[in-house]
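*Asks:* My questions concern the predicted model and sequence given below.
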Amino acid sequence: MSSKSVASQAPSASAPGPTAAPAAGSTGSPAPGAAAGPTAAPRRQKSFLETVQNSIVVSDGAMGTMLYARGIFLNRCFDELNLSNAALVSDIHRQYLDAGAEVLTTNTFGANRFKLQPYGLEEKVREINRAGAELARAIAGERAWVGGSVGPTGGQLRPLGPLDHEEVVEAFKVQIRGLIEGGVDLIILETFHALPEMGAAIRAARSVSQLPVVASFSFERNALTNVGVAPEEAASFAEAEGADVIGVNCSTGPNDVLEVVERMAKVTKKPIAAQPNAGLPREVQNRLIFLATPEYVASYARRFIRAGASMVGGCCGTTPEHIKEIRIFARQLVPMKAAQRTIEVIDKQPESRYQPKRPEEKTVFGSKLGKKFVISVEIDPPKGTDPAKALEERACSTTRASTPSTSPTARAPRRA
């Protein structure tokens, strides 16, 4: 799933129809209505990099969640809405600004030619990205920075897949040029999994501009990306490639993101960004719902900051309410200075402190293998967290037979 395109609410019956895009305003003045909400000091007059190195920066949350709640279904190209329903996209940006977001992320996560091709929009890459940046810029004015969202291609680079490295670099260049033309202040590379593709994106960003680059990866529950990259490896690679801010977004929820932040902070002194999902979605009455409350996500934002993050926000399932709570928590804290971090130098091939054991030395079962006839039985997992009772009831003995489960997930007794 994309980083900012997953729904957490049912579609509203009052969704607005297609609306003409507003004229691109100057980068210095907000669109009508953008001044609503609490008065904020001009952010754009300050350097983003200097700010994120010395204080907490709050970014926005999911775009897809909000679009879906307003009647846009998942079979639509969300990025194309920058052209066909600009008023809706602008209104969502405005809600995040009013909630206290200091970085508005463009609605362009999937606006590269590989992702737009299934919709027949591959020739509109630059137009869609420019429009997305102009919409966010018009709302942000001087009150917030605008981050140009760039997501992965959805394919694999050679030798793991069919995509050529230079072809991918060129595709990212076209997208990023459109974002720059629309007035972004930084480039946010988000929800990447593979190092070669992240390297291609950073290279593309560096070749067309000097804007700050945020390199953000997505991790699974095992603290690895879906191609097996660890947080330490991801952070070290992104820093070596020239990223200015390194981070984690999307993933499986705040708790798992916290571990990633802690591990990244041990190998880099670059600013760290943390933008988790509102937990994992659950199916409720045939709808996928994100159940993590604004208060819960915000409580983790405080822990991210204490672990070393200085840019915090949300991803799939988060809303302006989540960002509002995060902003409240963020005001109470200052970031851990990079100089205060202890960088651990890890030997790539550490000498093992443990000697491997032979099977017969590990378990009673292993000691019987090859020496006598043994039987193993699969059982249904027990309810709750304590397996002791279930194991006791199913324990194999010479005086007790075991009946195989009828569950489709269980198999007949296997013999070894």
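*Replies:* Now that the structure is in, tell me what you want to look at. All values derive from a computational prediction rather than experimental measurement.

*Asks:* Quickly note the distance from Ala230 to Cys250.
*Replies:* Ala230 is 17 Å from Cys250, where distance means Cβ to Cβ, to the nearest Å. (C-beta placed from N, C-alpha, C; glycine too.)

*Asks:* what do you get for Leu135?
*Replies:* According to Cβ to Cβ, Leu135 stands 23 Å off from Cys250.

*Asks:* Could I get the average pLDDT for the strand or helix carrying Val146?
*Replies:* Val146 belongs to strand 145-150 when elements are defined using DSSP states H and E. On average, the pLDDT along strand 145-150 is 98.

*Asks:* other SSEs contacting that strand?
*Replies:* With contacts taken as 3 or more Cβ pairs under 8 Å, 6 or more residues apart in numbering; DSSP states H and E, strand 145-150 sits against strand 103-105, helix 125-140, helix 165-182, strand 186-192.

*Asks:* Alpha carbons of the last one, in CSV - could you do that?
*Replies:* So that's strand 186-192. Written as CSV, here are the backbone C-alpha positions of strand 186-192 (Å, rounded to 0.1, in the frame of the first residue of the first chain):
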residue,chain,number,x,y,z
LEU,A,186,12.0,20.1,-0.2
ILE,A,187,11.8,16.6,-1.8
ILE,A,188,10.3,13.8,0.3
LEU,A,189,11.2,10.3,-1.0
GLU,A,190,8.9,8.1,0.9
THR,A,191,7.9,4.5,1.4
PHE,A,192,10.9,3.0,-0.3
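
*Asks:* Now do the buried residues in the helix or strand that it is followed by.
*Replies:* On the C-terminal side of strand 186-192, the nearest following helix or strand under DSSP H and E is helix 195-208. For helix 195-208, the neighbour count (16 or more other Cβ atoms under 10 Å) marks 195-206, 208 as buried.

*Asks:* sorry, back to before: more neighbours, Leu135 and Cys250?
*Replies:* Between Leu135 and Cys250, counted using other Cβ atoms under 10 Å, the more crowded position is Leu135 (32 against 28).

*Asks:* can you tell me how far that one sits from Ala273?
*Replies:* Distance from Leu135 to Ala273, counting by Cβ to Cβ: 22 Å.

*Asks:* cool, Met66 as well?
*Replies:* Separation of Met66 from Ala273 (Cβ to Cβ): 21 Å.

*Asks:* for Thr319, same thing?
*Replies:* Separation of Thr319 from Ala273 (Cβ to Cβ): 19 Å.

*Asks:* the more surrounded of these two?
*Replies:* Between Thr319 and Ala273, Ala273 has the larger neighbour count (other Cβ under 10 Å), namely 27 against 24.

*Asks:* How is the more buried one assigned, secondary-structure-wise?
*Replies:* Here Ala273 is strand, with the state taken from DSSP: H, G, I helix; E, B strand; the rest coil.

*Asks:* correct me, but it touches Pro212?
*Replies:* No. At 11.2 Å, Ala273 and Pro212 do not qualify as touching, with contact defined as Cβ atoms under 8 Å.

*Asks:* so which of the helices and strands packed on strand 145-150 comes closest to Ile328?
*Replies:* strand 103-105 (17.1 Å; Cβ to Cβ).

*Asks:* Ile246 pairs with what?
*Replies:* Beta-bridge partners for Ile246, by DSSP bridges, are Ala215, Ile272.

*Asks:* if I read this right, it contacts Lys269, doesn't it?
*Replies:* No. Checked against Cβ under 8 Å, the pair Ile246 and Lys269 is beyond contact range at 10.0 Å.

*Asks:* These two: who's more crowded?
*Replies:* More neighbours surround Ile246 than the other of Ile246 and Lys269, with 28 against 16 (other Cβ under 10 Å).

*Asks:* Would you mind giving the domain segments of this structure?
*Replies:* Using automatic domain parsing, the domain parsing of the chain gives 48-340, 359-415.

*Asks:* Lowest average confidence across the ones you listed, which one?
*Replies:* domain 359-415 (a mean of 60).

*Asks:* ends of stretch 116-125, how far apart?
*Replies:* End-to-end distance for stretch 116-125: 8 Å, by Cα to Cα, to the nearest Å.

*Asks:* buried sites along that stretch?
*Replies:* Buried residues in stretch 116-125 (16+ other Cβ under 10 Å): 116, 121, 124-125.

*Asks:* now swap in stretch 227-234 and tell me
*Replies:* Buried residues in stretch 227-234, defined by neighbour count with 16+ other Cβ under 10 Å: 229-234.

*Asks:* farthest pair in the residues you listed?
*Replies:* Going by Cβ to Cβ, the pair spanning the buried residues of stretch 227-234 furthest: Val229 and Glu232, at 9.4 Å.

*Asks:* With distance to Asp60 as added columns, please give the buried residues of stretch 116-125 in TSV.
*Replies:* Converted to TSV, the buried residues of stretch 116-125 look like this (distance: Cβ to Cβ, whole Å):
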residue	distance to Asp60
Leu116	23
Leu121	24
Lys124	24
Val125	23
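
*Asks:* And the furthest pair within those?
*Replies:* Greatest spatial distance in the buried residues of stretch 116-125: Leu121 and Val125, 7.7 Å, computed using Cβ to Cβ.

*Asks:* out of the buried residues of stretch 116-125, who's nearest Val169?
*Replies:* Closest to Val169, out of all of those and judged by Cβ to Cβ, is Val125, at 14.1 Å.

*Asks:* one step back: take the buried residues of stretch 227-234 and keep only those in helices.
*Replies:* If you go by DSSP state H, those have 231-234 in helices.

*Asks:* all strands for the stretch 201-350 of the chain, in order.
*Replies:* Taking DSSP state E, counting those that start in this stretch as the criterion, the stretch 201-350 of the chain carries its strands at 213-217, 245-250, 272-276, 282-284, 287-289, 309-312.

*Asks:* on contacts alone, who are the packing partners of the longest one?
*Replies:* The reference is to strand 245-250. If you count contacts as 3+ Cβ pairs under 8 Å, 6+ apart, strand 245-250 packs onto strand 186-192, strand 213-217, helix 231-241, helix 254-265, strand 272-276, strand 309-312.
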